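*Asks:* Sequence and computational prediction follow.
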Amino acid sequence: MQSPTDRKNKTAYLGLLTAFSLILSYIETLIPFQIGIPGIKIGLANFAVVLCLYLFGYKEAVLLTCVKALVSGFLFGNLSVIIYSLVGALLSVFIMILMKRSGGFHIPVVSAGGGIMHNMGQLLVAAFTVKTYSVLYYAPVLIIAGLITGLLIGMATSLVLPYVKKVILKGVPLE
């Protein structure tokens, strides 16, 4: 078997993570999650981004984030959705990269930081779009939502990551 860092293998795994993130994005559109505050989502696709960050590194995570935001926007949204998603996702992945590089945070905390910053990025786009800062009143609720969903996604990633690493590094077949 070739090394898991081999270019072909890495490309295949990144393709699988991209497909996984798009499937999770689609599943999220099917879940009726409305609590009356615009912008609150579960963030299931972030699961694939956090996995990518810890499996392959920051370059691959940024690439996955961009592809996920663009393709899911075209499939399940419109140009407005793409802009909101891309700004939030890039801000999210950059804070997760910084938190991971610092070495002082566990995966759930890194993911929570990403969830919070995703919501803040989208809130900034909204403030710029409507040209008023009154939308910033949503910030406390969006911070709490990003924290909770980010922690849950991060805990799920922490549980799954050792098994995924085992499959990738040792070529263990899935049973």
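*Replies:* Done, it's in. Small disclaimer: the values here were computed from a predicted structure and weren't measured.
*Asks:* ranges for the helices of the protein?
*Replies:* 7-30, 46-55, 58-76, 79-102, 107-130, 139-170 (DSSP state H).
*Asks:* Quick one: work out the angle between the last one and helix 46-55.
*Replies:* If I follow you right, that is helix 139-170. Put simply, helix 139-170 runs at 50 degrees to helix 46-55, going by axes from the mean of the first three to the mean of the last three Cα atoms, to 10 degrees.
*Asks:* and helix 139-170, which residues are buried?
*Replies:* 142-143, 145-147, 149-154, 156-158, 168 (16 or more other Cβ atoms under 10 Å). (Glycine included, C-beta is placed from N, CA and C.)
*Asks:* where in the chain is pLDDT low?
*Replies:* 1-5, 33-39, 171-175 (pLDDT under 70).
*Asks:* Contacts only, for Asn46.
*Replies:* If you count contacts by Cβ atoms under 8 Å, 6 or more residues apart in numbering, Asn46 has them with 92, 111, 114-115, 118, 150, 153.
*Asks:* Quick check: of the buried residues of helix 139-170, which lies closest to Thr11?
*Replies:* Using Cβ to Cβ, Ile168 is the member of the buried residues of helix 139-170 that lies nearest Thr11, at 13.0 Å.
*Asks:* what residue lies at the spatial centre of this structure?
*Replies:* Nearest residue to the geometric centre of the chain (Cα atoms, centre = their mean): Asn46, 2.3 Å.
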